[in-house]
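# 3D, please:
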Amino acid sequence: MKISCIKSNKDKKSFKFAELLGIDVYSIERLDDVDNVLDELVNNKCKTIFISNELAGFSQKIMKEYYNDKDVNIIISKSKRIYDD
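Sure thing, here's the model as predicted:
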């Protein structure tokens, strides 16, 4: 089972533990690219995708295309303050 995480490149705190475990963590620069990254991961047979709450709000496809998809699980992480001041 392939697992990946997606976060903003400004997010320095989310998914650190996942990185230590060797899970692929994608940091994207443009928040509008979240759907492209989701499509790429699904096409590469990724079954579980964790996405930061911030990025989930920018996705048009999470609810429209992937909500009822039984082949992929998209998990939205809990909202918290993620940027360094």
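# Okay, now the unreliable bits of the chain?
Applying pLDDT under 70 to the chain picks out residues 79-85.
# Mind jotting down where the helices sit in it?
Taking DSSP state H to define them, one finds helices in the chain at 16-20, 34-43, 53-56, 61.
# can you put those in a markdown table and add distance to Cys5?
The way it works is simple: take the backbone N, C-alpha and C, and place the C-beta from them, glycine included. Formatted as a markdown table, those follow (distance: least, CB to CB, whole Å):
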| stretch | distance to Cys5 |
| --- | --- |
| helix 16-20 | 5 |
| helix 34-43 | 10 |
| helix 53-56 | 10 |
| helix 61 | 17 |
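# Pick the most deeply packed of these.
Among the helices of the chain, helix 53-56 has the highest mean neighbour count (mean count of other CB atoms under 10 Å), at a mean of 19.
# Report the backbone C-alpha coordinates of it in PDB.
Extracted C-alpha coordinates of helix 53-56, given in PDB (Å, rounded to 0.1, in the frame of the first residue of the first chain):
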ATOM      1  CA  ASN A  53      -6.100  21.200   6.000                       C
ATOM      2  CA  GLU A  54      -4.900  24.400   4.300                       C
ATOM      3  CA  LEU A  55      -4.300  22.600   0.900                       C
ATOM      4  CA  ALA A  56      -7.600  20.700   1.100                       C
END
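# Going toward the C-terminus from that helix, what's the next helix or strand?
Note on helix 53-56: by DSSP states H and E, the next helix or strand toward the C-terminus is helix 61.
# From the contact counts, what lies against that following helix?
helix 34-43 (3 or more CB pairs under 8 Å, 6 or more residues apart in numbering; DSSP states H and E).
# which helices and strands does the helix it packs on pack with?
Judged by 3+ CB pairs under 8 Å, 6+ apart, helix 34-43 is in contact with strand 3-8, strand 24-28, strand 48-51, helix 61.
# end-to-end on stretch 67-78?
18 Å (CA to CA, to the nearest Å).
# Can you point out the buried residues in it?
Using 16 or more other CB atoms under 10 Å as the test for burial, stretch 67-78 gives Ile74, Ile76, Ser77.
# Dig out what the first one forms beta bridges with.
Ile74 has the following beta-bridge partners by DSSP bridges: Ile49.
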